[in-house]
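Student: for reference, the sequence and a predicted model appear below.
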4 protein chains.
Amino acid sequence: MIQYSLGGTIEDRAHRLPVRIYWEDTDAGGIVYHASYIRFMERGRTEFLRAIGLDQSTLAALPPEARVFWVVRHMAIDYLKPARLDDLLMVETSVLEIGGARLDMRQVVRRGEESIVEARVTVVSIGGEGRARRLPDHARAVMGAFLPRS
Amino acid sequence: MIQYSLGGTIEDRAHRLPVRIYWEDTDAGGIVYHASYIRFMERGRTEFLRAIGLDQSTLAALPPEARVFWVVRHMAIDYLKPARLDDLLMVETSVLEIGGARLDMRQVVRRGEESIVEARVTVVSIGGEGRARRLPDHARAVMGAFLPRS
Amino acid sequence: MIQYSLGGTIEDRAHRLPVRIYWEDTDAGGIVYHASYIRFMERGRTEFLRAIGLDQSTLAALPPEARVFWVVRHMAIDYLKPARLDDLLMVETSVLEIGGARLDMRQVVRRGEESIVEARVTVVSIGGEGRARRLPDHARAVMGAFLPRS
Amino acid sequence: MIQYSLGGTIEDRAHRLPVRIYWEDTDAGGIVYHASYIRFMERGRTEFLRAIGLDQSTLAALPPEARVFWVVRHMAIDYLKPARLDDLLMVETSVLEIGGARLDMRQVVRRGEESIVEARVTVVSIGGEGRARRLPDHARAVMGAFLPRS
């Protein structure tokens, strides 16, 4: 039996989270409902950020003047193949670019070797008043290690 | 074309909310997923409470010492028949009993004359500190008018 | 009281569907969860297609050699402002372009005059065997009336 | 780091499935939305049945005259305490009673030692024509091993 870690694993600059397909994720077309992948990718980003110590709780516990929250600003998603009940998918998350208050990620949902869904997701860090706030230097340094080799 | 009100209607001591079944509500069995009805019934309770002026926003705006929030404490649900994509269901909500900090409701989800789901739901009013807090007299009086005729 | 039609309305080449925000649509950040808008936009497309007679049931009832199903192929979504519990949003759906087996739509979720979410969605029509199948001429003609004036 | 198995574990006549709370599971009250537990418990039942070889795919692959599907018939749920974002919950599933075409289960959602939600769930096995159909003897024998010691 293959053992999977509940929170996923990091390897070769990418985070991988296993996701099992349950009835709740499917629709009457017999396949995974297209909005379900948006939930899976959010789980992937959450576990990636938790794994590198930049999860919501940690960032929310910073002193008020540095405190930030992640908000999704933009998503572009390609639906390539259908997935089905009981499938075991893998959500792969990697960093594309880091801006002052912006993080661009690539996310691919795979079933074995096949790409099921591919997406580019931009999240921004906002301060308490709801406006973009520069990420703490520490956070930028940690994420920098995941940038693609040039 | 039959016109439905988005927030439902009150008639004969019961509130009725129309709910259309979309892809999001179904599962790969080709029918409505069983947890979807829990969402539909919550919409029904919300619209019932809004219609009689006891919605969450109104109760949350009371002075701190009277402020209450609704929380679900108990549900008993019978699934009687399946519903399907594109079905137009009606969520019927009525009051069974009013306690100090407790409201017992009966909810029936119908498709035409058929009962699809029947439930008994108990919600309690809690104060800011998370403990049960007696409903304001005004709220109890308003809801009293919906008690079954004895 | 403003009356809304449960299935929305068509006016000036666009379909508009009112959507009320319930607890199920929000998250612990106090705002609407970003995947909820994907569900709202699907409701909007479904009601638009139903209104012009091209809903799933109608297309699925065509003779086998013409039968098609709609599948989402691509979405690009901009999240502009947060929405909250009890908000009444309007999902506006319009046609951008019609290909052989492809339909490009623009969808905007508004609260009053404000744009909350803007998206471009591409759906394709597929035949029973899962491959793209040209839309029936009748369907293309009906949708053509919704193309932007050039 | 504690390792959890993605599909849960069976020990002492009960199945335990770890469930992490993500944004999708919470609502604007800052806690887990009450319908989310219904999804968690369905995941628990699915993994329990998969672990003992009685999952949907296996039962659906039986010869037509023995083929059955599981359907939820009744649920009674007590909500005892709130859970929150990032909590790691455990869904515990055990067998209470086995009827001809009926399976009664007890499900408890825990956070450490605390009970968050307790439920009794009745599922029935139905045949292709939608009516209750007696469970195969093999299935009854397998589940019998999980009955409480008398």
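Tutor: Here it is on my side, so go on. Numbering: from 1, shown residues only, chains lettered A, B, ... in the order given.

Student: what's around residue A:148, how many residues?
Tutor: Residue A:148 is flanked by 10 other residues according to other C-beta atoms under 10 Å in any protein chain shown. Using the backbone N, CA and C atoms, a C-beta is placed for each residue, glycine as well.

Student: ditto for residue A:96
Tutor: Residue A:96, neighbours per other C-beta under 10 Å, totals 14.

Student: ok, now the one 5 residues further on?
Tutor: The criterion is other C-beta under 10 Å. On that basis, residue A:101 has 17 neighbouring residues.

Student: and residue A:31, by the same measure?
Tutor: Residue A:31 is flanked by 19 other residues according to other C-beta under 10 Å.

Student: please tell me how far it sits from chain D.
Tutor: Noted for residue A:31: a distance of 15 Å to chain D, by C-beta to the nearest C-beta, to the nearest Å.

Student: swap in residue A:129?
Tutor: Separation of residue A:129 from chain D (C-beta to the nearest C-beta): 19 Å.

Student: what helix or strand does that residue sit in?
Tutor: Here residue A:129, judged by DSSP states H and E, is contained in no helix and no strand.

Student: just read off the phi/psi values of it.
Tutor: The phi/psi pair for residue A:129 (degrees, to the nearest 10) reads phi -90, psi 10.

Student: and it, how many neighbours?
Tutor: Residue A:129 has 6 nearby residues by other C-beta under 10 Å.

Student: ok, now residue A:98?
Tutor: Neighbours of residue A:98 (other C-beta under 10 Å): 18.

Student: next one: residue A:9
Tutor: With neighbours defined by other C-beta under 10 Å, the count for residue A:9 comes to 13.

Student: which ones are touching it?
Tutor: Contacts for residue A:9 (C-beta atoms under 8 Å, 6 or more residues apart in numbering or on different chains) come out as A:15, A:16.

Student: beta-bridge partners for it, please?
Tutor: For residue A:9, the beta-bridge partners are residue A:16 (DSSP bridges).

Student: stretch A:76-84 and chain C, are they touching?
Tutor: Yes - residues of stretch A:76-84 contacting chain C under C-beta under 8 Å from any C-beta of the partner chain: A:76, A:77, A:78, A:79, A:82.

Student: drop anything exposed from those residues.
Tutor: Buried subset of the residues of stretch A:76-84 next to chain C (neighbour count, 16 or more other C-beta atoms under 10 Å in any protein chain shown): A:77, A:78, A:79, A:82.

Student: so what does the nearest residue to residue A:95 once chain neighbours are set aside have for phi and psi?
Tutor: Distances taken as C-beta to C-beta, 6 or more residues apart in numbering or on different chains place residue A:146 nearest to residue A:95, at 4.1 Å, with adjacent residues excluded. Phi and psi for residue A:146, reported as degrees, to the nearest 10, are phi -100, psi 0.

Student: one step back: from the residues of stretch A:76-84 next to chain C, which single one is nearest chain B?
Tutor: Nearest to chain B among the residues of stretch A:76-84 next to chain C: residue A:82, at 10.9 Å, using C-beta to the nearest C-beta.

Student: state the pLDDT value of that closest one.
Tutor: pLDDT, residue A:82: 96.

Student: using the three-state scheme, assign it.
Tutor: With DSSP: H, G, I helix; E, B strand; the rest coil as the basis, residue A:82 sits in coil.

Student: these two touch, right, it and residue A:31?
Tutor: Yes - in this structure, residue A:82 is within contact of residue A:31 by C-beta atoms under 8 Å, at 4.0 Å.

Student: ok, the closest residue to residue A:21 other than its chain neighbours - contacts?
Tutor: Once flanking residues are discounted, residue A:21 sits nearest to residue A:87: 4.5 Å by C-beta to C-beta, 6+ apart. Listed by C-beta under 8 Å, 6+ apart, the contact partners of residue A:87 are A:20, A:21, A:32, A:111.

Student: switch to 10 Å and redo it
Tutor: Neighbour list for residue A:87: A:19, A:20, A:21, A:25, A:26, A:31, A:32, A:111, A:112, A:116 [criterion: C-beta atoms under 10 Å, 6 or more residues apart in numbering or on different chains].
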